[in-house]
Each structure stands twice: as structure tokens, then as C-alpha cells.
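Chemist: A predicted structure for the sequence below; I have some questions about it.
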Amino acid sequence: MGVFAFEDENTSSVAPAKLFKALTKDSDEIIPKVIEPIQSVEIVEGNGGPGTIKKIYAVHEGRVGYVLHKVDAIDEANLTYDYSIVGGPGLDESLDKITFESKLLPGPDGGSIGKIKVKFHTKGDVLPDNVRDEAKFRGVGLFKAVEGYILANPGY
């Protein structure tokens, strides 16, 4: 088993507290609206706080599948949200899980800087490049799609 890590950073023109709310508290409703393959998000255990497990249904290559998303920690005061993808047929077969540590910081002109640390926990000693690249692509896409939703809905 191996652990492969990378860090990434994205900027947004949306204020940190508003972006955090959309990415965490309201994400179950927003994400299916802004990410076409995602059909729904269902809480299968917990109340939304740490320990909560969500089933995220998505269409991939014409088939409906899901991943299990576990909330590891959430700190609204410090705008941090840690979670893991822990199972389901949508998790690549080379992985045991993927963990994410995210934090929003104040950015230029009232916007945000999103920082994320991602750790791939592999079943073997290799992380396929396509698995890493796809996870990064999806993460940036999610961040930008939620940002776009907020900008398109000024009353949010």
C-alpha cells in the first residue's frame, strides 16, 4: 500500500465565507445542479457533521454509479473541510481511498484562495497518472462550478 500526495491552489472572486457555505453546507443541493454527471447526493449515515457518509450518484460512461464520501472534519470558524472518498464503484480499483484537506483563505479584492491537500491511498505501490490527473481535473471543475453558481445567483 502506498500514499501519494499533492497540493493545489485555486483563486476565486467570491468571499471565503460564502464560498465555504456553498462548498460544504449547501453542496448537496448545489453540486447536482452544476456538475452534469452528478445526479444526486444522499446522506446514508450521520447529520452532516464529522462521521457523516454520503452517497454521491453520478453517470460515468453511460452507467450510473456512486462513491461514498465521508466527512472527516469541518471547521466553519477556520473555513476548513476534510473529507474522504472511501468506497463505491466510482472509486478507482487501484485505490483504497482518497483523502482531502481543504481550506479557504482571504484572497485579493475580497475573494478567496482555496488550498487543498490530496492523499491517494493505493492498494499497490503505484498511483496511475490518469487517476491523479482525473481527480485534480474533477476537483478544480467542482470548485469553479460552485463559484460560477454563486456568481450567477447574486442573491445566494
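Modeler: Arrived safely. From a predicted model like this one, the values you see are computed outputs, not experimental measurements.
Chemist: what's the longest helix in this structure?
Modeler: As assigned by DSSP state H, the longest helix anywhere in the chain is helix 129-152.
Chemist: that one - what's its average pLDDT?
Modeler: Averaged across helix 129-152, the pLDDT comes to 93.
Chemist: quick one: buried residues of it?
Modeler: Across helix 129-152, burial judged by 16 or more other Cβ atoms under 10 Å covers 131, 135, 139, 142, 143, 145, 146, 147, 149, 150. Glycine gets a C-beta too; all of them are placed from N, C-alpha and C.
Chemist: ok, the fifth one - contacts?
Modeler: By that I understand residue 143. 10, 12, 23, 114 (Cβ atoms under 8 Å, 6 or more residues apart in numbering).
Chemist: just to be sure, the first one is in a strand?
Modeler: In other words, residue 10. Yes - Residue 10: assigned to a strand according to DSSP: H, G, I helix; E, B strand; the rest coil.
Chemist: any stretches of the chain with poor pLDDT?
Modeler: Under the criterion pLDDT under 70, no range of the chain is flagged.
Chemist: which one is the spatially most central residue of the chain nearest to, not counting chain neighbours?
Modeler: Geometric centre of the chain, nearest residue: residue 139, 6.0 Å, by Cα atoms, centre = their mean. Counting by Cβ to Cβ, 6 or more residues apart in numbering, residue 139 lies nearest to residue 116, which is 6.6 Å off, once chain neighbours are set aside.
Chemist: any idea how far the one you found lies from residue 40?
Modeler: 24 Å (Cβ to Cβ, to the nearest Å).
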